[in-house]
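# How does the following fold in three dimensions:
(chains A and B)
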Number of protein chains: 2
Amino acid sequence: MSTSVTVALDAMGGDNAPTVSVLGALAAAGPDLRVILVGDESRLISEIDASGGDATAIEILHAAECIGSDEEGARAVRAKPDSSVAVACRTVREGHAQAVMSAGHTGAMMAASILHIRRIRGVLRPGIAVVLPSARGRVVLIDSGANAEAKPEHLAQFAHMGRVFSRDILGVAEPSVGLLSIGEEAVRGSELVLEARTRLEGTPGFFGNVEGRDIPAGVVDVVVTDGFTGNVALKAMEGTAEMIFALIREAIGSSTMAKLGGLLARPALRKLRSRLDPDTFGGAYLLGVNGISVIGHGNSSAQAVTNALHLSARGVRLGLLDHLAAGMDTTSAPTPEGSRA
Amino acid sequence: MSTSVTVALDAMGGDNAPTVSVLGALAAAGPDLRVILVGDESRLISEIDASGGDATAIEILHAAECIGSDEEGARAVRAKPDSSVAVACRTVREGHAQAVMSAGHTGAMMAASILHIRRIRGVLRPGIAVVLPSARGRVVLIDSGANAEAKPEHLAQFAHMGRVFSRDILGVAEPSVGLLSIGEEAVRGSELVLEARTRLEGTPGFFGNVEGRDIPAGVVDVVVTDGFTGNVALKAMEGTAEMIFALIREAIGSSTMAKLGGLLARPALRKLRSRLDPDTFGGAYLLGVNGISVIGHGNSSAQAVTNALHLSARGVRLGLLDHLAAGMDTTSAPTPEGSRA
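Got it, this is the predicted structure:
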């Protein structure tokens, strides 16, 4: 039982909460993975009862409030210290859980993680690492939206954290790192990228600059960028995949012959669709806070919650935090304290 | 013959130049569209002879040099005043052509356009407008890579130019404009977007902020952003589409049944693929220079060159330049002169 991990789940977060939270937790929980469901106690109990599942490895921690999708994340977290996401993050801070997961409000989860779990010593800014499908397998994009503005030293830390993540979580032996940039078309280069490039040059695994096209092509294992560009790229790619699959359905429905063809090719296309589905991975890691913090899609299914809980536990078992901390230069960089990000 | 338009074509630009330039020009040229092929005279003559096409509406203008894809665009344009792209741009400046098109080095074409054609009075920075397929039809993305850094006033001008482009070239009666941003997840908002938002608020057609996902979804007709973000998004979307179609081919080849299905669905999927193919549109407009300037894909086919030549002529016939200039506030904004961009 020495490998048993406890994950706190913000059971009220997500479009289909708390039903999918409870179902996802029941499917994931067992002797090696204990889940603390954080939220409205009576609702959670009745959801568990309704499911008929085995709740032996599940604990319920009451949280009186929750944060709605229309609230401003950081403000709501401060205004609602008893919200499910804040309570869940505090269980990590207090040592009752080693990881926290929420499929709720991304901004609130980020703010609660930074405020309540705090940062790893030396980390200037936590960054969101997302795993995306690529032509060659998988690629990690960091930062995919934690910070709208970044400085070169932040990008250098993202590179380190993304590399540790790729090695620990995806099992890539020597992850290569690309700095997201544009071709030399632009009349002027972006100053951020030029300065970050100088810092990254010569660091372990640094490949050089990559372009937007290289993310889905899988040219490198880790793509580093500021959270604004990363978030736009991530969503543009997700949206493109959605558009294409919608248009394929339309095209296949356009003639009897195409319909028949679609029917025959359906199993193969379904498999492909699921490979490209973000839910298969379950969630994104907020790297740089002093505990494992995993953010799920708002529209997570029970399966996605299960996957994200396993993903959280994996980070704990593999010692991700220690590996992240080990590479932080706490001597030369300023080490801002506590909840200020 | 009053509607006859002359387009100068950088015949040496592009991976398959000058063969596809000549073939594309021969297919496009006619009484209403005269083409000046700019490049190595003897090579162009022999390509025309070899094609056996009718060169009545074609003129050849010799240019002794050309710019390679490995050169730094802006520097090469200054170092090689007799390069085909520079000579082609000067024909517009001197009034021999109303438009210029190149499928060569994007950076060189931009630099040559700004240096030799110069800017429309009042335009601070020209921007690249790209037309992308969307779930609802087409969407214009500006700036997709002309400037790596942008100021709020540049984004405001891109919004105006993108709107004129959408109306004139795509025939959208009242184009809606979205400012590309990220959700409110980020701990801090991007200053550029916050300031640009203030400037755009209340301007004609302004819809509000949009996210990366909204580009392929076609939520607005025009998406405005800085050239760094725009270029990354553009290439990430193109790369995603390429990856998905490659994976579909692979999936369809994975079983006999899927193969048969793919065969039956092929005509429908081909049609879709061509709808999503950037070559169908032919090129991107560099908006803001004082002449029509169209940039083609480096790997343009002859058909893409033909399309881009028609696209260039269309801008001239529809009076795009006058419409762009009419909306420029030349009183309040500083009006930098000449070739400085």
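
# Who are the packing partners of the helix or strand that contains residue A:308?
Per DSSP states H and E, residue A:308 falls inside helix A:302-317. Packed against helix A:302-317, as judged by 3 or more CB pairs under 8 Å, 6 or more residues apart in numbering or on different chains; DSSP states H and E, are the following elements: strand A:5-10, helix A:19-28, strand A:33-39, strand A:99-102, helix A:152-170, strand A:292-295. For glycine as for every other residue, the C-beta is placed from the backbone atoms N, C-alpha and C.

# That helix: how far from the chain's middle?
Using CA atoms, centre = their mean, to the nearest Å, the mean C-alpha position of helix A:302-317 is found 11 Å from that of the whole chain.

# and it with strand A:5-10, angle?
Direction vectors for helix A:302-317 and strand A:5-10, defined by axes from the mean of the first three to the mean of the last three CA atoms, to 10 degrees, enclose an angle of 140 degrees.

# What lies in contact with helix A:302-317?
A:3, A:5, A:7, A:9, A:14, A:19-21, A:23-25, A:27-29, A:32-33, A:35, A:98-101, A:103, A:168-169, A:279-283, A:285, A:292, A:294, A:296-297, A:300, A:321 (CB atoms under 8 Å, 6 or more residues apart in numbering or on different chains).

# Can you say which of the helices and strands packed on helix A:302-317 is nearest to chain B?
The closest approach between chain B and any of those, judged by CB to the nearest CB, belongs to strand A:292-295 at 9.1 Å.

# Sheet partners, orientation included, of the closest one?
According to DSSP bridges, strand A:292-295 forms sheet pairs with strand A:99-102 (parallel), strand A:284-287 (antiparallel).

# Just the CA trace of the last one, in PDB.
This means strand A:284-287. In PDB, the C-alpha atoms belonging to strand A:284-287 read as follows (Å, rounded to 0.1, in the frame of the first residue of the first chain):
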ATOM      1  CA  ALA A 284      -3.900  19.300 -18.800                       C
ATOM      2  CA  TYR A 285      -1.300  19.700 -16.100                       C
ATOM      3  CA  LEU A 286      -0.700  23.100 -14.400                       C
ATOM      4  CA  LEU A 287       3.100  22.700 -14.000                       C
END
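
# CA atoms of the helix holding residue A:308 as PDB?
This file holds the C-alpha atoms of helix A:302-317, laid out as PDB (Å, rounded to 0.1, in the frame of the first residue of the first chain):
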ATOM      1  CA  ALA A 302     -17.200  10.200 -16.700                       C
ATOM      2  CA  GLN A 303     -14.500   8.400 -18.700                       C
ATOM      3  CA  ALA A 304     -12.500  11.600 -19.100                       C
ATOM      4  CA  VAL A 305     -12.700  12.200 -15.300                       C
ATOM      5  CA  THR A 306     -11.400   8.600 -14.700                       C
ATOM      6  CA  ASN A 307      -8.600   9.200 -17.100                       C
ATOM      7  CA  ALA A 308      -7.700  12.500 -15.500                       C
ATOM      8  CA  LEU A 309      -7.600  10.900 -12.000                       C
ATOM      9  CA  HIS A 310      -5.300   8.200 -13.200                       C
ATOM     10  CA  LEU A 311      -3.200  10.900 -14.900                       C
ATOM     11  CA  SER A 312      -3.000  12.800 -11.600                       C
ATOM     12  CA  ALA A 313      -1.900   9.700  -9.700                       C
ATOM     13  CA  ARG A 314       0.700   9.000 -12.300                       C
ATOM     14  CA  GLY A 315       2.400  12.300 -11.800                       C
ATOM     15  CA  VAL A 316       2.600  11.600  -8.000                       C
ATOM     16  CA  ARG A 317       3.900   8.000  -8.500                       C
END
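
# Show me which residues of that helix are buried.
Neighbour counts using 16 or more other CB atoms under 10 Å in any protein chain shown place A:302-317 of helix A:302-317 among the buried residues.

# Check stretch A:43-57 too.
A:43-44, A:47-48, A:51, A:53, A:55, A:57.

# Among these, which ones are in helices?
A:43-44, A:47-48, A:51 (DSSP state H).

# For the stretch 51-200 of chain A, just list every one of the helices.
Using DSSP state H, counting those that start in this stretch, the helices of the stretch 51-200 of chain A run over residues A:73-79, A:84-93, A:106-112, A:152-170, A:191-200.

# could those go into JSON lines alongside mean neighbour count?
As requested, these are arranged in JSON lines below (neighbours: other CB atoms under 10 Å in any protein chain shown):
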{"stretch": "helix A:73-79", "mean neighbour count": "19"}
{"stretch": "helix A:84-93", "mean neighbour count": "27"}
{"stretch": "helix A:106-112", "mean neighbour count": "28"}
{"stretch": "helix A:152-170", "mean neighbour count": "24"}
{"stretch": "helix A:191-200", "mean neighbour count": "18"}
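
# want to throw those helices into a markdown table with distance to chain B?
Rendered in a markdown table, the data for those read as follows (distance: least, CB to the nearest CB, whole Å):
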| stretch | distance to chain B |
| --- | --- |
| helix A:73-79 | 6 |
| helix A:84-93 | 13 |
| helix A:106-112 | 4 |
| helix A:152-170 | 12 |
| helix A:191-200 | 7 |
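
# Serialize the ones you listed to a markdown table and add fields for mean pLDDT.
As requested, the helices of the stretch 51-200 of chain A are exported to a markdown table (pLDDT from 0 to 100):
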| stretch | mean pLDDT |
| --- | --- |
| helix A:73-79 | 93 |
| helix A:84-93 | 97 |
| helix A:106-112 | 92 |
| helix A:152-170 | 96 |
| helix A:191-200 | 91 |
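
# May I see those organised as JSON lines, with distance to residue B:183 added?
Formatted as JSON lines, the entries for the helices of the stretch 51-200 of chain A read as follows, by distance: least, CB to CB, whole Å:
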{"stretch": "helix A:73-79", "distance to residue B:183": "10"}
{"stretch": "helix A:84-93", "distance to residue B:183": "16"}
{"stretch": "helix A:106-112", "distance to residue B:183": "7"}
{"stretch": "helix A:152-170", "distance to residue B:183": "19"}
{"stretch": "helix A:191-200", "distance to residue B:183": "21"}
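
# Just give the number of residues close to the residue lying closest to residue A:166 once chain neighbours are set aside.
Closest residue to residue A:166 in three dimensions, ignoring its sequence neighbours and counting by CB to CB, 6 or more residues apart in numbering or on different chains: residue A:175, at 3.7 Å. As a burial measure, residue A:175 scores 22 neighbours (other CB atoms under 10 Å in any protein chain shown).

# ok, residue A:175 to residue A:92 distance?
When distances are taken as CB to CB, to the nearest Å, residue A:175 and residue A:92 turn out to be 26 Å apart.

# Next: residue A:58.
With distances defined as CB to CB, the gap from residue A:58 to residue A:92 amounts to 17 Å.

# Please apply the same query to residue A:55.
Between residue A:55 and residue A:92 the distance, using CB to CB, works out to 22 Å.
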